[in-house]
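[1] Quick one, structure for this:
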Amino acid sequence: MPILLAIFSDIIFGDPPNRFHPTAWMGSLIAFLSRRHPHNRPSSELLYGGLLMFIGLTLVGGMGALLARLFAFLPLPLNWLATALVLKTTFSLRGLDRAAREVLSALEAGNLPEARRLLSWHLVSRETSQLTESQVAAAAIESVAENVSDSLIAPLFFFALGGLPLALAYRFANTADAMLGYHDPEHEWFGKIPARLDDLLNLIPARLTGLLLVCAAFLSGNSGKGAWKITWRDARLTASPNAGVPMSAMAGALSIELEKIGHYRLGAGLNAPQVIDLRRARRVYAVTAALAALLFAGFSFFIR
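    Numbers count the residues shown, from 1 in each chain. Predicted structure coming up:
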């Protein structure tokens with residue numbers, strides 16, 4: 001029940017303001033702990049990155065355990081509601097769809113510069129100023145597919161396994177990777193443990209997301225067979241061990257080619273992405289979210 005309540009509250013209310021959002025607090029904690037990290041000493045940087053993760057995961061997981069213990073004293077409906085409100089902060093269903101919708105609206109209005117700006121602001125970190133309409137649509141579709149795993153399936157998966165402590169701990173690890181997991185002189189060693197831990201935590205959720213996307217493709221009138229085929233063929237083509245799974249599934253589901261020049265080409269030989277494909281991707285995303293809600297709510301019900 002908490003999972004369904006959390007999803008409904010997200011759909012209705014969206015994300016809370018940053019000053020009340022636990023992910024923003026996690027980001028502030030990571031930034032604070034990062035200020036004194038050593039420089040130009042790979043072994044020390046690596047150890048400090050591991051220490052940062054140990055401190056952060058202990059604090060966040062402990063907070064989740066404390067909240068779960070406190071909520072256990074509430075009568076059952078209030079217990080569910082309180083748990084749902086905290087769980088809701090670990091994922092962003094409405095926020096991701098809104099970001100994709102804004103890019104789609106700009107493309108449909110023929111405002112390519114605005115679509116590029118919104119894409120860069122909400123969804124991707126790559127340079128967008130020279131992207132064509134098709135490339136903007138492709139990048140938005142890729143981001144939606146990848147974030148289905150990171151921003152929805154994985155938090156629900158860890159909540160189903162271990163309640164609020166694991167869900168919050170996952171969100172901390174994912175936030176740390178987003179802030180520190182870069183291949184530049186500043187973060188190459190310091191961010192290595194956060195990045196590798198995030199890869200490890202997402203191994204199962206990413207592949208589960210791929211399977212759910214295949215099912216959603218069938219149910220939404222897209223190509224379930226294509227989603228399975230392209231996932232099996234192309235999921236290993238990305239540098240990330242996980243990102244290629246949902247992106248390949250989405251490429252196959254929509255029968256389109258998703259390419260980040262110089263990095264990967266998923267669904268090679270399929271159609272070039274069009275604006276309408278971003279609308280179709282949102283539909284696949286919505287069905288995937290519904291399937292995930294039913295799956296994890298049912299799992300949580302039967303193991304408790």
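[2] what are the ranges of the helices in the stretch 101-250 of the chain?
    With DSSP state H, counting those that start in this stretch, the ranges of helices along the stretch 101-250 of the chain come out as 112-122, 133-148, 154-180, 192-201, 203-219, 224-234, 244-254.
[3] Give the burial count for residue 106, as a bare number.
    20 (other Cβ atoms under 10 Å). C-beta here means a position set from N, CA and C on the backbone, and glycine is covered the same way.
[4] Can you name the residues that contact it?
    112, 114-115, 118 (Cβ atoms under 8 Å, 6 or more residues apart in numbering).
[5] in the protein, which helix or strand is least confident?
    The least trusted helix or strand in the chain, going by mean pLDDT, DSSP states H and E, turns out to be helix 2-13, with a mean of 85.
[6] Can you list the helices and strands that that one packs against?
    In terms of contacts (3 or more Cβ pairs under 8 Å, 6 or more residues apart in numbering; DSSP states H and E), helix 2-13 is packed against helix 76-88, helix 93-108, helix 154-180, helix 275-303.
[7] Most neighbours among the contacts of residue 106, which one?
    Going by other Cβ under 10 Å, residue 115 tops the contacts of residue 106 with 27 neighbours.
[8] excluding its backbone neighbours, what's nearest that one?
    residue 106 (3.8 Å; Cβ to Cβ, 6 or more residues apart in numbering).
[9] can you check residue 98 too?
    The nearest residue in space to residue 98 (Cβ to Cβ, 6+ apart) is residue 14, at 7.5 Å.
[10] close enough to count as contact, that neighbour and residue 96?
    No - under the criterion of Cβ atoms under 8 Å, residue 14 makes no contact with residue 96, lying 10.8 Å away.
[11] between these two, which one's more packed in?
    Using other Cβ under 10 Å, the more surrounded residue of residue 14 and residue 96 is residue 96, with 22 against 13.
[12] show me what contacts residue 188?
    Per Cβ under 8 Å, 6+ apart, neighbours of residue 188: 42, 182.
[13] so what pLDDT did it get?
    We note a pLDDT of 84 for residue 188 in this prediction.
[14] Next up, phi/psi of it, please.
    For residue 188, the backbone dihedrals are phi -50, psi -50 (criterion: degrees, to the nearest 10).
[15] What's the separation between it and residue 173?
    Distance, residue 188 to residue 173, by Cβ to Cβ, to the nearest Å: 19 Å.
[16] can you count the residues close to residue 137?
    By other Cβ under 10 Å, 27 other residues sit near residue 137.
[17] Is it in contact with residue 107, as I believe?
    Yes - using Cβ under 8 Å, residue 137 is in contact with residue 107, at 6.4 Å.
[18] Ignoring the adjacent residues along the chain, who's closest to residue 149?
    residue 209 (4.0 Å).
[19] got the contact list for the one you found?
    Residues near residue 209 by Cβ under 8 Å, 6+ apart: 148-149, 153, 245-246, 249, 288.
[20] Equivalent analysis for residue 287, please.
    216, 219-220.
[21] pLDDT below threshold where in the stretch 1-150 of the chain?
    For the stretch 1-150 of the chain, the stretches with pLDDT under 70 are 18-20.
[22] just the stretch 201-304 of the chain next, same as before
    Low-confidence segments of the stretch 201-304 of the chain, defined by pLDDT under 70: 300-304.
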